[in-house]
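Pasted the sequence and its predicted model underneath.
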Amino acid sequence: MEFKGKKFIVVGAGISGIGAVRLLVNRDAIVTLYDGKLDEETIKGKLDSDLANVNISTGEFSKDLIDNNDVMVISPGVPIDKDFIIDFKNAGKEVIGEVELAYLCAKGRLIAITGTNGKTTTTALVGEILANYFKSSFVVGNIGNAYTLEADKMTDDTVTVAEISSFQMESAKEFHPAVSCVLNVTPDHLDRHKTMENYTACKMMVTKNQTEDEVCVLNYEDDILREEAKKLKCKITYFSSKSILSDGFYLDGKNIVKSVEGKSEVLLSTDDMKIVGVHNAENAMAAIAVSDAIGVPMDIIVETVKNFKAVAHRIEYVDTINDVVYYNDSKGTNPDATIKAVEAMDKPIILIAGGYDKHVSFADMAKVLVGRVKKLVLLGETKHDIEAEAKKVGVDDIVMVSSLEEAVKVSSESATAGDVVLLSPACASWDMFKSYTQRGDLFKEYVNKLK
């Protein structure tokens, strides 16, 4: 893409939006930064002095902004079907996402990891593996480090791993990872994508531009992904927690095994790992497969996996108080994530759940609670929906609360020695919190107060 002298409008004055502005300014583009929710002074306060000449626009998106710009760069939080974006496209103008812009500006090789659940853990683990082998590596994307902020630091020798969301792929065009990975596809974000077909298509966009010589890592146990694999032109490496594969990576009891043309090699035991649960064995296998495909020696991969610790807010150990263990799984923002968190526990659970309504079903999650969850503490927009599904399967020790602090208090009062208190909301945080990070941090704060 040509940048010099071209007029770009960046939509959204968040961290990645500011990063996009800087990338464009560094390439001599003419840039306007638009945010319909912030005032001009607030936006100016976000810009460094060297970006002082950037045009700023606020309020309603005007026709002049369409007429006077060539390309729109949108943040992942802006749905692509917004009226002003459609109007921009209908005027014959180009719309790309911030991740697409970062890709166009970056150098080196790229690994893209997506999926409904496990993205952050897998991306973080791959990031540690890369750092232990390559001289120049970056971890970017949905994990919290904007790709646009790092793109200009990359060289031809850099290897980057990016956590990619379905939102970021809605506007992908030239985005082209050397290695891609789709961990799983289960219902999520249907309030935005409307159908599972649309959601799946966005996830699979990470593979769109891959060639026959490049690799996509897929979960063999995911029926949707096995079907999608038939459409791919790139090489496929499978991992499995249930099946023995003649080619790929699989879990045999507690052993993670690599198999090539039927010849198998035990790489490590899950007992050697610091992260727990079958879902984390899957994340580890995916990370191993991706790192192997990009050329990291297996001894470095295995040693890094053994020493890797859980990321914040994903089944994160918080504390043990009066022989009750507290776990923060605030990043469990959909029912499938909560299912995995519940299944990872080997003690009676008091589960704190509920939050922003993304129009997904809680029926399958409710079935997993039977015999595992002794008390259900519910809050947020979805609390009545979860309650209804739980009662259908005979889970009826349910308490409704109005705040997370009250949820922690009720849970601690109900817990006895040997129990687990697990925050795993099965929902996004936006009804009550700015982010899942804020929700998780507050949970940890309230738990610490119990002491």
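Cool, the structure landed.

got any ranges where this protein has weak pLDDT?
Under the criterion pLDDT under 70, the flagged ranges of the chain are 187-194.

could you measure the most centrally placed residue in it against residue 392, distance?
In the chain, the C-alpha nearest the mean C-alpha coordinate belongs to residue 119, at 4.6 Å (CA atoms, centre = their mean). Distance, residue 119 to residue 392, using CB to CB, to the nearest Å: 31 Å. Yep, even glycine has a C-beta here, placed from its N, CA and C like the rest.

Skipping its backbone neighbours, what lies nearest residue 166 in space?
Distance criterion CB to CB, 6 or more residues apart in numbering; nearest residue to residue 166, sequence neighbours excluded, is residue 202 at 3.9 Å.

Report the buried residues of the helix or strand harbouring that neighbour.
Assigned by DSSP states H and E, residue 202 belongs to helix 196-204. Of the residues in helix 196-204, those buried under the neighbour-count criterion (16 or more other CB atoms under 10 Å) are 199-204.

what's the answer for stretch 382-399, then?
382-383, 385-387, 389-390, 395, 399.

out of the residues you listed, who's nearest residue 82?
Checking those against residue 82 with CB to CB, the nearest one is residue 382 at 25.0 Å.

State the distance from the closest one to residue 8.
From residue 382 across to residue 8, the span is 39 Å (CB to CB).

Show the backbone phi and psi for residue 140.
Note on residue 140: its backbone torsions stand at phi -140, psi 180 [degrees, to the nearest 10].

Can you tell me who it pairs with across the strands?
Note on residue 140: beta-bridge partners by DSSP bridges are residue 162.

In strands only, show me the buried residues of stretch 382-399.
Those of the buried residues of stretch 382-399 mapping onto strands are residue 399, per DSSP state E.

Adding distance to residue 320 as columns, could you present the buried residues of stretch 382-399 in JSON lines?
Shown next, in JSON lines, are those (distance: CB to CB, whole Å):
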{"residue": "382", "distance to residue 320": "29"}
{"residue": "383", "distance to residue 320": "28"}
{"residue": "385", "distance to residue 320": "32"}
{"residue": "386", "distance to residue 320": "27"}
{"residue": "387", "distance to residue 320": "29"}
{"residue": "389", "distance to residue 320": "31"}
{"residue": "390", "distance to residue 320": "27"}
{"residue": "395", "distance to residue 320": "25"}
{"residue": "399", "distance to residue 320": "22"}
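
Filter the buried residues of stretch 382-399 down to just the ones in helices.
Here DSSP state H is the test, and the buried residues of stretch 382-399 give 383, 385-387, 389-390 as lying in helices.

Closest to residue 173 out of those residues?
Set against residue 173, the nearest of those by CB to CB is residue 385 (37.2 Å).

now the closest one, nearest residue through space, not along the chain?
Per CB to CB, 6+ apart, closest to residue 385 is residue 362, 5.9 Å.
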